[in-house]
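Participant: build the 3D model from these lines:
(one chain, ligands or ions: 1)
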Amino acid sequence: MQEVILKAFFIVDNFLPIIDPYSCTMSSSVVSSEFVHTGYGKNYVKLIQLRRDGPVHYVKEVEVNTQITLNNHRDYLFGDNSDIIATDSQKNTTYILAKQFGIETIEKFGMLMCEHFLNKYRHVVNAKIYIEEAPWRRIEKNGRQHVHAFVMSPESKRFCEVEQKRGEKACVAAGIKDMKILKTTQSAFRNFVDDEYRTLPDVDDRFFSTIVYCRWTYNDVTGLDFDRAWDIVKSAIIDTFAGPPETGVFSPSVQKTLYLAEKNALALIPQVDTIEMTLPNVHYFNIDFKRFPKMEFGGSKQDVYLPTDKPSGNIQATIRRSQTSKL
Ligand SMILES: O=c1[nH]c(=O)c2[nH]c(=O)[nH]c2[nH]1
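Facilitator: You can find the predicted model right below:
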């Protein structure tokens with residue numbers, strides 16, 4: 001057992017202990033604690049993979065966060081680094097595995113990385129890999145796709161998180177973030193609590209704009225086409241929000257649209273187990289043109305509103321496929 005040393009001095013006036021921050025240890029009789037979680041890794045490891053198929057080139061740019069948990073706390077407790085797989089080595093591992101095995105999909109690469117850390121190091125008990133993919137799109141000219149030129153198209157970002165505990169299957173989650181969408185009608189918000197705190201009137205027709213964050217978990221990834229699954233969830237969200245191109249679809253609230261989108265995604269992909277969404281309600285306010293009494297707007301064909309990024313409403317829900325499959 002490590003000798004425990006207390007280096008604390010008490011100011012008599014207010015009993016605030018001054019603890020020597022350079023001492024490795026403190027008296028366990030003064031403060032007793034236990035580890036809830038430990039983990040360490042490298043964040044924002046960026047790499048771009050280039051695959052050449054003759055003149056046709058394919059790119060995949062990713063940003064990877066690694067995190068591993070060891071079977072002991074020697075490093076945190078005693079400053080004993082002998083079990084630490086340096087975050088720098090984790091960064092190198094990311095480059096090496098990408099070079100050796102390629103990145104077919106971010107989900108598969110996340111699974112590969114988890115397996116690597118657990119297989120290579122007996123004292124790693126958990127591995128967690130978060131990956132974001134940069135949205136490069138092939139440049140098109142008159143319907144012809146360019147063989148080696150791309151444009152960054154940040155319509156949305158794809159991400160995944162893979163976590164695997166020693167002796168267990170990998171838990172794979174995928175997601176969409178930063179997808180900003182807007183519709184200019186077919187959205188209302190009425191009949192909410194009417195008390196002394198309310199100033200917002202009922203509205204039958206308003207803008208509906210949000211920045212989609214959606215994360216879902218898979219119950220089984222055997223043979224799963226991750227690209228197709230991601231495209232289907234993205235389309236489910238967009239279709240639920242927008243409705244048919246000619247008419248749109250009515251939304252009574254962000255809450256209802258969010259829930260419908262989640263239900264549609266669950267229905268379309270049997271392997272999706274839980275799905276969570278966060279939809280900020282990005283507001284577009286009316287501008288009071290009555291404040292310009294000397295101006296004449298009678299013949300004006302357009303309306304002008306004020307886009308506002310803060311504050312925004314924040315609507316969330318997570319649903320899970322129930323055992324009976326009835327939600
Ligand atoms: O769809 C909405 N849901 C709310 O909960 C809410 N609250 C609010 O002020 N506007 C809206 N809109």
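Participant: using PDB, write out the CA atom coordinates for the helix ranked longest in the chain.
Facilitator: Longest helix in the chain, counting residues (DSSP state H): helix 226-242. Below are the C-alpha coordinates for helix 226-242, written out as PDB (Å, rounded to 0.1, in the frame of the first residue of the first chain):
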ATOM      1  CA  PHE A 226     -24.000   1.500 -43.300                       C
ATOM      2  CA  ASP A 227     -24.100   3.900 -46.300                       C
ATOM      3  CA  ARG A 228     -27.600   2.900 -47.300                       C
ATOM      4  CA  ALA A 229     -28.800   3.000 -43.700                       C
ATOM      5  CA  TRP A 230     -27.500   6.500 -43.200                       C
ATOM      6  CA  ASP A 231     -29.000   7.700 -46.500                       C
ATOM      7  CA  ILE A 232     -32.400   6.200 -45.500                       C
ATOM      8  CA  VAL A 233     -32.400   8.000 -42.100                       C
ATOM      9  CA  LYS A 234     -31.400  11.300 -43.700                       C
ATOM     10  CA  SER A 235     -34.200  11.000 -46.300                       C
ATOM     11  CA  ALA A 236     -36.700   9.900 -43.600                       C
ATOM     12  CA  ILE A 237     -35.900  13.100 -41.700                       C
ATOM     13  CA  ILE A 238     -36.100  15.400 -44.700                       C
ATOM     14  CA  ASP A 239     -39.300  13.700 -46.100                       C
ATOM     15  CA  THR A 240     -41.100  13.900 -42.700                       C
ATOM     16  CA  PHE A 241     -40.100  17.600 -42.400                       C
ATOM     17  CA  ALA A 242     -40.800  18.700 -46.000                       C
END
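Participant: could you name the helices and strands sitting against the very next helix or strand once past it?
Facilitator: Using DSSP states H and E, the next helix or strand after helix 226-242 towards the C-terminus is helix 254-268. Packing partners of helix 254-268 (3 or more C-beta pairs under 8 Å, 6 or more residues apart in numbering; DSSP states H and E): strand 208-218, helix 226-242, strand 272-281, strand 313-320. Where you see a C-beta, it was placed from the backbone N, CA and C, and this is true even at glycine.
Participant: repeat that for 6 Å
Facilitator: helix 226-242, strand 272-281, strand 313-320 (3 or more C-beta pairs under 6 Å, 6 or more residues apart in numbering; DSSP states H and E).
Participant: so the nearest residue to D309 once chain neighbours are set aside versus the ligand, what's the distance?
Facilitator: Residue nearest to D309 in three dimensions, not counting chain neighbours: V282, with 6.8 Å by C-beta to C-beta, 6 or more residues apart in numbering. Computed with C-beta to the nearest ligand atom, to the nearest Å, the distance linking V282 and the ligand is 11 Å.
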